[in-house]
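Trainee: Structure of the sequence below:
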Amino acid sequence: MSLSPELRSRIDVLLAQHNIVLFMKGTRTAPRCGFSAGAVNTLTAVTPDFHDVDVIVDPELREAIKVYGQWPTIPQLYVRGELVGGADILDDMANSGALHELLGLPVPDRTPPTIHISAAAADALRAATRDGDGEVLHLGIDERFHAQFFLKPATDHDIVARDAGIAIRMDLPTAQRSQGLQIDWVETAQGAGLSLRNRMHPSR
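Mentor: Purely as a prediction, here's the structure:
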C-alpha cells in the first residue's frame, strides 16, 4: 500500500502532539491481542505518560502506520517522532534500562532480589528443569502479583536470583516484585505443589 499525503499528515500530527505514542490493537485498558497487552504492561511499568492509538477501529491507519515506519507488525512504539520498535524490542529495552535512558528517566536498580527457596522446593524445581534442553528457569510476576514459572532460553538482560543451588531468571518488573519471595513445596488434601509467599504484595 502507498501512503497518501492525508494519512501521512494524520500520523505526523499524532506524533507531534504526543511525546510517546503506542499504536496498538485495542486500548491500554482493553488490549485486544497478547503482544499489545504485553507492550502496555512493559511501558506502564516504566511510565504511565504515553498516548495509545487503537488501530483496530481505524483500518486505514492500521495499514498506514506499517508503511510509515516500514515496520510490518503491531504494536509499534514511537518516542519523539522516532520509531522504537515492537513488543519484543520494547521488552528488551525496558529490561536493560535502555528505555529509561531514552525517556530521560533514572536507570533502574538491577540488583537481584533476595529470595528464599526451601530444600523441598529446590528439589522440585531441579527435577522440573532437568530436561530443559537449553532452556532455563524463569519467573514472571505480573502487575497483579500473579506468578508463573516457565522455561525459555537465557538472555543477557535477565536478572538472576539464587538460593539453595537454584538460579531463577526474571525480567526487571518481576525482580522489583520479588524481594523477600519465599518459595516452598506444600502438600495438601488437594495435591502437592509450589507455594510462593510474596512480602512485596500490597495486600500482605
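Trainee: domains for the chain, by residue range?
Mentor: 5-102, 116-197 (automatic domain parsing).
Trainee: Need the mean per-residue confidence for the last one.
Mentor: The average of the pLDDT scores along domain 116-197 is 92.
Trainee: do the same with the first one
Mentor: Across domain 5-102, the average pLDDT comes to 95.
Trainee: all helices of this structure, in order?
Mentor: 5-17, 34-46, 59-68, 87-96, 98-102, 119-128, 172-176 (DSSP state H).
Trainee: Would you mind putting these into TSV with mean neighbour count and distance to L137 alongside?
Mentor: Any C-beta I mention is one placed from the backbone N, CA and C, and that applies to glycine too. Converted to TSV, the helices of the chain look like this (neighbours: other Cβ atoms under 10 Å; distance: least, Cβ to Cβ, whole Å):
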stretch	mean neighbour count	distance to L137
helix 5-17	13	41
helix 34-46	20	20
helix 59-68	17	36
helix 87-96	20	17
helix 98-102	17	25
helix 119-128	16	6
helix 172-176	22	12
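Trainee: excluding its backbone neighbours, what's nearest T129?
Mentor: L137 (5.0 Å; Cβ to Cβ, 6 or more residues apart in numbering).
Trainee: Please read the previous query as pertaining to E60.
Mentor: That would be L7: by Cβ to Cβ, 6+ apart, it lies 6.4 Å from E60.
Trainee: Any figure for the gap between the one you found and M170?
Mentor: 41 Å (Cβ to Cβ, to the nearest Å).
Trainee: re earlier: how about the residue nearest to T129, what does it touch?
Mentor: 125, 128-129, 149, 151, 166-169 (Cβ atoms under 8 Å, 6 or more residues apart in numbering).
Trainee: Which one, of the helices of the chain, ends up nearest to S195?
Mentor: helix 119-128 (7.9 Å; Cβ to Cβ).
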